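Q: 3D model of this:
(one chain, ligands or ions: 1)
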Amino acid sequence: ADTNNGTVPTPLTNYLDTQYFGEISIGSPAQMFNVVFDTGSANLWVPSQSCSPFSTACFTHNRYDASKSRTYIENGTGFSIQYASGNVRGFLSEDVVVVGGIPVVQVFAEATALSAMPFIFAKFDGVLGMGYPNMAIDGITPVFDRIMSQHVLKEEVFSIYYSRDPKRSPGGELVLGGTDPNYYTGSFNYMNTRQTGKWELTMKGVSVGREMMFCAEGCTAVIDTGSSYITGPASSVSVLMKTIGAQLDESGYKVNCDTVKTLPSVTFHLGGQEYSLTQEDYILWQSQIEGEVCTVTFRGLDVPPPTGPIWILGANFIARYYTEFDRRNNRIGFATAV
Ligand SMILES: CC(C)(C)OC(=O)N[C@@H]1CNC[C@H](C(=O)N(Cc2cccc(Cl)c2Cl)C2CC2)C1
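A: From the prediction side, this is the model:
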């Protein structure tokens, strides 16, 4: 597809407001994969045809078959990612990857072992990291950097829209090279990234209702399109949960659904602006067999210094605030999503 005026939209699927993924192809003829466009990482990996049949998570997803691609280039270097929630192991290969109609020759990882947790819950096949090159494992040039060096984009930016309503189509949209005015209103507020090389900002505080409760001395906020929720230091999140009367059970914090409408807003103070999430934005309301279950989409996560302590603003934040990631100016822009 020709890049209309240098911007390229890719529709995303919204799975239960917790996983947003879009389609790419690898190889010739094209082998299709659903990937999360993840600003919290910088590598591309997909399950491999040669993954062990015992790896259930691999088996239940689309797998790349090098022997079926005439543009495959062998590499074979080892690859492994240790996530907080699981791990991926495999080897590197090279082939033509097409994102939003733009082809790049890309080094990526074929996953031969995917930990059952959490990947058996993944509706997507793999991950396409949209982070900076210095985050890339094995020093591989990331996909977006390869696209930028083709000079086909109007601007060296990409933007993400995540829908809040699973019934709404598309479930989201990635735009390479610009933004999509159909999905935001008003103007963008921009902030420079805290340090070049990571999609993270300096946050000035987190308030609950009208009370500044956390990060008053300043802290780091990572804008992570690959995380479902918002995470903060475990101690802060547990105080926040106590404040809103949430109980922690094995699958996260829950509140009584009929208290939802009384819950306070949670506000993130970024770059002189206040980004509030109402209970609509941070409560996942599910009708289950045992009745209505209301999950609070915050999680405690302690990231050790020097990286931490950090707050990670994930999908539920991005669904409210349309986000532009600007590689040219090393800044992030937010506008109110519609
Ligand atoms: C240090 C380094 C390894 C680079 O850190 C990262 O890569 N950090 C990644 C940062 N972004 C979120 C990534 C993540 O948690 N998942 C798992 C996941 C997320 C939501 C829902 C599901 Cl089902 C799953 Cl499996 C990948 C899918 C993106 C980890």
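Q: contacts, neighbours, all on C-alpha from now
A: Noted.
Q: Just the helices from the stretch 101-250 of the chain, written as ranges.
A: Remark: helices assigned in the stretch 101-250 of the chain by DSSP state H, counting those that start in this stretch are 116-119, 143-148, 234-244.
Q: Show me what the longest one packs onto, helices and strands only.
A: The reference is to helix 234-244. strand 298-300 (3 or more Cα pairs under 8 Å, 6 or more residues apart in numbering; DSSP states H and E).
Q: Would you mind pulling the contact partners of the strand it packs on?
A: 229-238, 252-253, 282 (Cα atoms under 8 Å, 6 or more residues apart in numbering).
Q: Could I get the helices of the stretch 101-250 of the chain in a markdown table, plus columns for distance to the ligand and mean neighbour count?
A: Shown next, in a markdown table, are the helices of the stretch 101-250 of the chain (distance: least, Cα to the nearest ligand atom, whole Å; neighbours: other Cα atoms under 10 Å):
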| stretch | distance to the ligand | mean neighbour count |
| --- | --- | --- |
| helix 116-119 | 5 | 16 |
| helix 143-148 | 15 | 19 |
| helix 234-244 | 17 | 16 |
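Q: Export the ones you listed to CSV and append columns for mean pLDDT.
A: Converted to CSV, the helices of the stretch 101-250 of the chain look like this (pLDDT from 0 to 100):
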stretch, mean pLDDT
helix 116-119, 92
helix 143-148, 98
helix 234-244, 96
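Q: Nearest to Pro306, out of those?
A: Among those, the nearest to Pro306 by Cα to Cα is helix 234-244 (16.6 Å).
Q: which residues touch the closest one?
A: By Cα under 8 Å, 6+ apart, helix 234-244 touches 208, 214, 231, 247, 253, 263-264, 298-302.
Q: Mind telling me the two of those farthest from one another?
A: The most distant members of the contacts of helix 234-244, if one measures by Cα to Cα, are Leu263 and Asp302, lying 24.9 Å apart.
Q: any idea how far Arg164 lies from Val127?
A: 21 Å (Cα to Cα, to the nearest Å).
Q: Need the distance between the two termini of stretch 222-236.
A: The first-to-last residue distance of stretch 222-236 comes to 16 Å (Cα to Cα).
Q: Need the pLDDT of the spatially closest residue to Ala136 that is not a sequence neighbour.
A: For Ala136, ignoring the flanking residues on the chain, the nearest one in space by Cα to Cα, 6 or more residues apart in numbering is Ala42 at 4.7 Å. We have a pLDDT of 98 for Ala42.
Q: Repeat that for Val303.
A: On the pLDDT scale, Val303 gets 88.
Q: Can you report phi and psi for whichever residue of the stretch 201-338 of the chain sits closest to the ligand?
A: Here the stretch 201-338 of the chain gets closest to the ligand at one residue, Gly226, 3.9 Å apart by Cα to the nearest ligand atom. Main-chain torsions, Gly226, degrees, to the nearest 10: phi -90, psi 0.
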